[in-house]
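Q: got a sequence here, can you build the structure:
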Amino acid sequence: MDRADIEAAIEDGIPDAEARVTRPRVHNNEEEDAHYAAEVVSPAFADESIVDRHQMVWDTIGDVMTREIHALEISTYTPEEHDGDL
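A: As a prediction, the model looks like this:
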């Protein structure tokens, strides 16, 4: 799963979401130790705790975690909380 696939999964799974996924850390072998960071903006996060927001994102990734993605750093915002475009 690459960055575009992760972004698409998040945007498909969370209503009106915009996601930007980066790869802040790449190990010597790109298949090994795949670390990503996701910044997600959605009105669906309104009135949700940080834990619930993160769970919403994790739910979109599903069983790919630990098989293809080693770690995913998540930042979530409502449109009102976010400063700019993704």
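Q: identify the residues contacting the helix or strand bottoming out on mean pLDDT in the chain?
A: When the helices and strands of the chain are scored by mean pLDDT, DSSP states H and E, strand 18-25 comes last with a mean of 85. With CB atoms under 8 Å, 6 or more residues apart in numbering as the test, strand 18-25 has contacts from 3-4, 6-7, 10-11, 33-42, 73, 86. For every residue, glycine as well, the C-beta is placed using N, CA and C.
Q: the strands in this structure, which residues?
A: Counting by DSSP state E, the chain has strands at residues 18-25, 35-41, 71-77.
Q: how far off centre is the longest one?
A: When distances are taken as CA atoms, centre = their mean, to the nearest Å, strand 18-25 is centred 7 Å away from the chain's centroid.
Q: partner strands of it, parallel or antiparallel?
A: Applying DSSP bridges to the sheet, strand 18-25 is found paired with strand 35-41 (antiparallel).
Q: grab the nearest non-local neighbour of R53.
A: With CB to CB, 6 or more residues apart in numbering as the criterion, R53 has its nearest non-adjacent residue at 4.0 Å, and that residue is T76.
Q: so that neighbour makes contact with H54?
A: Yes. Look at T76 against H54 with CB atoms under 8 Å: they come within range, at 6.7 Å.
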